[in-house]
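Asks: let's see this in three dimensions:
(one chain, ligands or ions: 2)
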Amino acid sequence: MRIGIMGGTFDPIHMGHLLAAELAREAEQLDEVWFMPAFVPPHKQNGAVAEAEDRLAMSRLAVEGNPHFRVTDIEIAKHDTSYTIDTVELLTSQYPEDSFCFIIGADMVMYLPHWRRIDEIVRLIRFVGLARPGYTLALEELPEAIASRVTLAPMPLMELSSTEIRRRLSVGQTVRYMVPEPVRLYMEGKGLYA
Ligand SMILES: Nc1ncnc2c1ncn2[C@@H]1O[C@H](COP(=O)(O)OP(=O)(O)OP(=O)(O)O)[C@@H](O)[C@H]1O
Ligand SMILES: O=C(O)c1ccc[n+]([C@@H]2O[C@H](COP(=O)([O-])O)[C@@H](O)[C@H]2O)c1
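Replies: Ligands and ions are numbered 1, 2, ... in the order given. All right, here's what the predicted structure looks like:
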């Protein structure tokens with residue numbers, strides 16, 4: 001199977017994540033996309049992040065109804081900082097028959113040189129990069145070994161971030177149509193980010 005990994009903090013998951021995953025799936029003819037909430041994302045170790053169980057539950061609610069989407073708790077179950085190299089080594093050894101790519105937005109594409117052991121990651125998997133407002137997808141600015149492993153997929157600029165959703169909820173503004181409705185109801189029910 002051709003599998004795309006959509007890794008993220010998903011604090012909370014939003015329509016930008018879902019659209020990016022769906023368009024990457026189409027462009028790369030992926031059989032499945034696995035949404036993978038990080039336990040502690042490497043570059044957010046000092047910031048407060050919602051409980052992993054809530055981020056996982058919201059991710060599960062978000063993918064309901066799409067037969068190509070799944071959620072994996074592989075990183076959350078480890079209860080440790082989620083370095084992608086560890087996850088990729090685990091996935092490629094656990095599923096030798098499948099081929100994996102990692103789906104990321106433009107901010108993460110340009111940050112790839114800073115990922116832990118990126119030289120080894122790019123030998124194991126490819127990346128699918130999608131446009132995001134505020135970030136230029138300038139592959140020519142990346143080292144060739146990394147740039148050659150990134151394929152760009154078409155994506156309309158979507159001005160949406162978890163930060164903006166948390167900000168809106170904290171001041172009582174609407175997030176309807178920015179997140180799937182079951183996710184909105186979950187956040188409302190638990191008073192998340194209020
Ligand atoms: N609006 C968007 N368009 C394209 N890609 C996105 C968008 N929002 C998030 N992504 C991508 O989804 C992945 C996971 O992102 P993450 O969970 O950190 O969400 P975020 O909205 O960037 O969160 P925060 O605002 O808390 O930093 C990253 O690869 C990121 O680039
Ligand atoms: O492994 C790394 O060094 C690394 C550095 C930054 C981000 N990542 C991964 O990239 C994905 C998106 O990260 P984030 O913080 O935007 O949610 C998520 O799966 C992270 O674990 C990985």
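Asks: what kind of secondary structure is the residue of the chain found nearest ligand 2 in?
Replies: When distances are taken as Cβ to the nearest ligand atom, the chain reaches nearest to ligand 2 at residue 7, 2.2 Å away. Where C-beta positions appear, they are placed from N, C-alpha and C, glycine not excepted. Under DSSP: H, G, I helix; E, B strand; the rest coil, the three-state class of residue 7 is strand.
Asks: tally of neighbours for it?
Replies: 22 (other Cβ atoms under 10 Å).
Asks: any idea what sits nearest it, other than its immediate chain neighbours?
Replies: residue 36 (4.7 Å; Cβ to Cβ, 6 or more residues apart in numbering).
Asks: what score does the residue of the chain closest to ligand 2 have for pLDDT?
Replies: At residue 7, the model reports a pLDDT of 98.
Asks: that one is in contact with residue 84, isn't it?
Replies: Yes: the criterion here is Cβ atoms under 8 Å, and residue 7 meets it with residue 84 at 6.7 Å.
Asks: got the residues of the protein near ligand 1?
Replies: 8-11, 16-17, 20, 104-105, 107-108, 130, 132, 158, 160-163 (Cβ under 6 Å from any ligand atom).
Asks: please redo it, this time with the cut-off set to 8 Å
Replies: Listed as neighbours of ligand 1 in the chain under the rule Cβ under 8 Å from any ligand atom: 6-11, 13-17, 19-20, 38, 41, 44, 103-109, 130-133, 155, 157-166.
Asks: please compute how far the helix or strand harbouring residue 59 lies from its chain's middle.
Replies: Using DSSP states H and E, residue 59 sits in helix 52-63. Mean C-alpha position of helix 52-63 versus that of the full chain (Cα atoms, centre = their mean, to the nearest Å) differs by 13 Å.
Asks: mind saving the C-alpha coords of it as PDB?
Replies: Extracted in PDB, the C-alpha atoms of helix 52-63 (Å, rounded to 0.1, in the frame of the first residue of the first chain):
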ATOM      1  CA  ALA A  52      -2.500  13.900  24.200                       C
ATOM      2  CA  GLU A  53      -5.700  11.900  24.800                       C
ATOM      3  CA  ASP A  54      -7.900  14.900  23.700                       C
ATOM      4  CA  ARG A  55      -5.800  15.600  20.600                       C
ATOM      5  CA  LEU A  56      -6.100  11.900  19.700                       C
ATOM      6  CA  ALA A  57      -9.800  11.800  20.300                       C
ATOM      7  CA  MET A  58     -10.300  14.900  18.200                       C
ATOM      8  CA  SER A  59      -8.200  13.400  15.400                       C
ATOM      9  CA  ARG A  60     -10.400  10.300  15.500                       C
ATOM     10  CA  LEU A  61     -13.500  12.300  15.300                       C
ATOM     11  CA  ALA A  62     -12.100  14.400  12.400                       C
ATOM     12  CA  VAL A  63     -11.400  11.400  10.100                       C
END
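Asks: may I see the buried residues of the following helix or strand past it?
Replies: Later in the chain than helix 52-63, the nearest helix or strand by DSSP H and E is strand 69-71. Across strand 69-71, burial judged by 16 or more other Cβ atoms under 10 Å covers 69, 71.
Asks: nice, that's everything, thank you.
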